[in-house]
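J.: I'll drop the sequence and a predicted model, then ask my questions.
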Amino acid sequence: HRSTYERGGYGALRAELQMEKDRLWTRNLGRDDRCVSYHGKEARFPFLDEDVVDYLNCLDVLHICDMTKPQGEGDKMILRLVAKKIGVQQCSGLVKRAIQFGSRIAKVSDVDRFGSSRKASGTAQHRTGSS
């Protein structure tokens, strides 16, 4: 998000965030569901509760982040404030790293299953080596 902001300011960031919200259910959650369900588990995402999402959609991006501040401070401000309020100050300033990118599972999984990290969709079925 920071590079989007640097390229086009808050207008470009608003557009990027809207695009991500629009495809969240098919792109990100589909991949996460395939990975988690493969191991016989079901993920829960309380921050995607309808009331939470509706509330956050009402906020302007300026209430969600301040890109003039450094990483780990100006991004994900609401999450950072909640973390401080509930007593987890230590992690409230950490720079976020998405698990699927930090672990490279998204690329490995998608390339292995679909031939590309761009071709996977949330409707794709998980295949094992025997299928």
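T.: Received, thanks.
J.: For this protein, give me the ranges with low pLDDT.
T.: Applying pLDDT under 70 to the chain flags residues 97-131.
J.: helices and strands around the longest helix along it, which ones?
T.: Counting residues, the longest helix found in the chain (DSSP state H) is helix 2-23. If you count contacts as 3 or more CB pairs under 8 Å, 6 or more residues apart in numbering; DSSP states H and E, helix 2-23 packs onto helix 61-64. Bear in mind the C-beta positions are built from the backbone N, C-alpha and C, glycine included.
J.: Could you look up the SS state of Glu73?
T.: Three-state assignment for Glu73 (DSSP: H, G, I helix; E, B strand; the rest coil): coil.
J.: hang on, isn't it packed against Arg80?
T.: Yes: the pair Glu73 / Arg80 is scored as a contact, 7.4 Å apart, by CB atoms under 8 Å.
J.: between these two, who's got more neighbours?
T.: For Glu73 versus Arg80, the count of surrounding residues by other CB atoms under 10 Å is larger for Arg80: 21 against 15.
J.: overlap in contacts of Glu73 and Arg80?
T.: Residues touching both Glu73 and Arg80 (CB atoms under 8 Å, 6 or more residues apart in numbering) are Gly93.
J.: in the chain, which spans are strands?
T.: In the chain, no segments count as strands under DSSP state E.
J.: For the longest helix of the chain, list every residue counted as buried.
T.: By 16 or more other CB atoms under 10 Å, the buried positions in helix 2-23 come out as 4-5, 13-14, 16-17.
J.: Just the C-alphas of stretch 61-81, formatted as CSV.
T.: In CSV, the C-alpha atoms belonging to stretch 61-81 read as follows (Å, rounded to 0.1, in the frame of the first residue of the first chain):
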residue,chain,number,x,y,z
VAL,A,61,-8.6,6.1,4.3
LEU,A,62,-7.2,9.1,6.3
HIS,A,63,-8.8,7.6,9.4
ILE,A,64,-7.2,4.2,8.7
CYS,A,65,-3.7,5.2,7.9
ASP,A,66,-1.2,8.1,7.8
MET,A,67,1.3,7.4,5.1
THR,A,68,3.4,10.3,6.2
LYS,A,69,4.4,8.2,9.3
PRO,A,70,6.9,5.3,9.0
GLN,A,71,6.0,1.7,8.5
GLY,A,72,4.8,0.1,11.7
GLU,A,73,3.3,3.3,12.9
GLY,A,74,1.2,5.0,10.1
ASP,A,75,-0.2,1.9,8.5
LYS,A,76,-3.0,-0.2,10.0
MET,A,77,-3.5,2.5,12.7
ILE,A,78,-6.8,1.0,14.0
LEU,A,79,-5.3,-2.4,14.6
ARG,A,80,-2.2,-0.8,16.2
LEU,A,81,-4.4,1.3,18.5
